[in-house]
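Chemist: Fold the following.
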Amino acid sequence: MHIKRLSITKMKPDSISAMFDNIAPNYDFLNRLLSLRRDVYWRREMVRALDLPAGAAVLDMACGTGDVMMEVMRRNPDARVYGIDFSKKMIEIGAAKTGALTPGAQAALAAADALHPPFPPESMNAVTIAFGIRNIQDRPRALENFRQILKPGGVLAVLELNTPTRGLLRSLYLLYFQKILPGIGGFFSKNTGAYQYLPASVLNFPAPADFAAQMRNAGFRDVAWKSLSAGISTLYIGRR
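Modeler: The predicted structure is shown next:
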């Protein structure tokens, strides 16, 4: 099956959740391998941009195996950090990782999705989501939920993969992303479909200016974005 024909809009949330359950045991290893460990740098840049107050409450949406949560706790030991993900297997791995970080770490994870987050309005200083917003079909509703959960002045940080727009880098990126990455990911995870879905979902994600406009339409102010690693990843920041 050619990746260009993969219709991600027809995938139901339950199917996407099951797919992530399936690849959860190899998720961290493949993230590091396929990104050449750039994913670690990208997450650090996102957490660094939060500029959290003392004792901040932080919610990581689509938290996966807890990498963003762990970075928040490393940089802000007094923070209260929460994570939700619709993949129960990801949550299980994340709970083990965050629980082993420090004996006094204030972290909690739960299986839930971004369209029904189990948190009251104005309860968080920051909301983060790394490489997960493209998996949410109703992005406007999710962004509205993020804004409602934030305290006034709170920050939303979105980290997402992007496609370089021109030149040799774009050609090399597409060759790797469409031809080589699915083979490597499928070999190690034994789930080729998941690593066909990855490039398809990235290629279907809006350009930075368009996604920033979606954030503004959801009521965020001071929206800005920063390209990372020559445009392979983009960090978006907005405030309530």
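Chemist: Am I right that Ala224 sits in a strand?
Modeler: Yes. According to DSSP: H, G, I helix; E, B strand; the rest coil, Ala224 belongs to a strand.
Chemist: going forward, begin numbering at 552 instead of 1
Modeler: All set: I'll call the first residue 552, so the last point we hit is now Ala775.
Chemist: Now do the contacts for it.
Modeler: Listed by C-beta atoms under 8 Å, 6 or more residues apart in numbering, the contact partners of Ala775 are Ala763, Tyr787, Ile788, Gly789. For glycine as for every other residue, the C-beta is placed from the backbone atoms N, C-alpha and C.
Chemist: Ok, Thr649 next?
Modeler: Per C-beta under 8 Å, 6+ apart, neighbours of Thr649: Gly617, Met620, Met621, Met624, Val632, Gly634, Ala656, Ala658, Leu660.
Chemist: For Asp689, state which of those is nearest.
Modeler: Gly634 (20.6 Å; C-beta to C-beta).
Chemist: Asp664 versus the closest one, what's the distance?
Modeler: To Asp664, Gly634 is 12 Å away according to C-beta to C-beta, to the nearest Å.
Chemist: And Lys648, by the same measure?
Modeler: Distance, Lys648 to Asp664, by C-beta to C-beta: 21 Å.
Chemist: buried residues in the strand ranked longest in the chain?
Modeler: Determined from DSSP state E, the single longest strand within the chain is strand 701-712. Buried residues in strand 701-712, defined by neighbour count with 16 or more other C-beta atoms under 10 Å: Leu701, Lys702, Gly705, Val706, Leu707, Ala708, Val709, Leu710, Glu711, Leu712.
Chemist: My read is that the fifth one contacts Arg790, right?
Modeler: By that I understand Leu707. Yes. Leu707 lies in contact with Arg790 (C-beta atoms under 8 Å); the separation is 7.4 Å.
Chemist: can you give me the helices for this structure?
Modeler: With DSSP state H as the criterion, the chain has helices at 564-574, 578-586, 589-599, 618-626, 639-650, 690-700, 718-726, 732-740, 743-754, 759-768.
Chemist: most tightly surrounded among the ones you listed?
Modeler: Mean neighbours per residue, mean count of other C-beta atoms under 10 Å, is largest over the helices of the chain for helix 618-626, with a mean of 22.
Chemist: Could you check the angle it makes with strand 701-712?
Modeler: Interaxial angle of helix 618-626 relative to strand 701-712 (axes from the mean of the first three to the mean of the last three C-alpha atoms, to 10 degrees): 120 degrees.
Chemist: Quick one: mean pLDDT for helix 618-626?
Modeler: Across helix 618-626, the average pLDDT comes to 94.
Chemist: helices or strands next to it in the packing?
Modeler: helix 589-599, strand 608-612, strand 631-636, helix 639-650, strand 657-662, strand 675-681 (3 or more C-beta pairs under 8 Å, 6 or more residues apart in numbering; DSSP states H and E).
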